[in-house]
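Novice: task: produce atomic coordinates for the following.
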Amino acid sequence: MDYQTITYTLKDGVALITLARPDKMNALNTQMRAEITHAATQAGKEARVLVLTGEGRAFCTGQDLGDRTAGGSVDMERTLRDEYAPMLRAVANCPIPTISAVNGPAAGAGANLALAADVVFAAESAYFMQAFTRIGLIPDAGGTYTLPRTMGTAKAMGAALFADKISARQADDWGMIWEAVPDASFDSHWRAKAAHLANGPTVAYAGVKAAIRGSWDNGFEEQLTLEAQEQGICGKSRDFKEGVLAFTEKRAATFEGR
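Specialist: Residues are numbered from 1 along each chain as shown. Okay, here's the model as predicted:
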């Protein structure tokens, strides 16, 4: 695909998707959603870690309200079903670890796109906002699923109803994201974390994702079974053998991955 609204690079096992409509604060339109879906799917086939970030001063400010690719008003149900859902699935279900490097404002569907990743780093100057009720809508793009699971029902309800800005530091404190990082070290920090994952045991990382995401729908007994299944896969991997050998030889492991 010839990307027009994003850039996609692959280096040292790290696939980087950069939302590239800085003049529109990286707001999502039909083309961008299709391009993110394609790039995230491609990353799952050729990379060891996927990172999403934004160009310019924003991560993503959500739906481009001026986008009328079909003419007239937008059929929101169709757009969510046919455009947003494939994009979000491509990120959330990507077989490799995924990182959102939130460099600036993440609002509306942009906030929920960020939260679809496995790990979220945010610059301290960034913020998140469930802006939907400001224009008479409910949170979408997976927000009603992700928010209560990351920050609890009470915080999720307040974030959705009041549509207030949530600073990166608040998001960190509330468990909504993994880490708020000082602006001065933000870029080098997430790049180092991405490199760490790219050099790690990819079979185990896939198992971590499957087990933790599966736990949301499982009872205790079901989860024990899932853990055993995933651990069985890990135990047969080259990475496990290398990890044990490196431990006994008192050296750093070199993981080959899949």
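Novice: SS state for residue 149?
Specialist: helix (DSSP: H, G, I helix; E, B strand; the rest coil).
Novice: name all residues that make contact with it.
Specialist: Contact analysis of residue 149 by CB atoms under 8 Å, 6 or more residues apart in numbering lists residue 216. The way it works is simple: take the backbone N, C-alpha and C, and place the C-beta from them, glycine included.
Novice: pop the domain breakdown of the chain in here.
Specialist: 6-198, 202-248 (automatic domain parsing).
Novice: could you dump these to CSV with mean pLDDT?
Specialist: Compiled in CSV, these are given as follows (pLDDT from 0 to 100):
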stretch, mean pLDDT
domain 6-198, 95
domain 202-248, 94
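Novice: now render the ones you listed as JSON lines, adding distance to residue 254.
Specialist: Listed next are those as JSON lines, based on distance: least, CB to CB, whole Å:
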{"stretch": "domain 6-198", "distance to residue 254": "13"}
{"stretch": "domain 202-248", "distance to residue 254": "6"}
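Novice: from these, which stretch is densest packed?
Specialist: domain 6-198 (a mean of 19; mean count of other CB atoms under 10 Å).
Novice: what's the offset of it from the middle of its chain?
Specialist: Domain 6-198 sits 6 Å away from the centroid of its parent chain (CA atoms, centre = their mean, to the nearest Å).
Novice: what's the closest of the domains of the chain to residue 256?
Specialist: domain 202-248 (5.4 Å; CB to CB).
Novice: how far does that closest one stretch from start to finish?
Specialist: Taking CA to CA, to the nearest Å, domain 202-248 runs 21 Å from one end to the other.
Novice: ditto for stretch 113-120
Specialist: Across stretch 113-120, first to last residue, CA to CA, it's 11 Å.
Novice: appreciated, that's everything.
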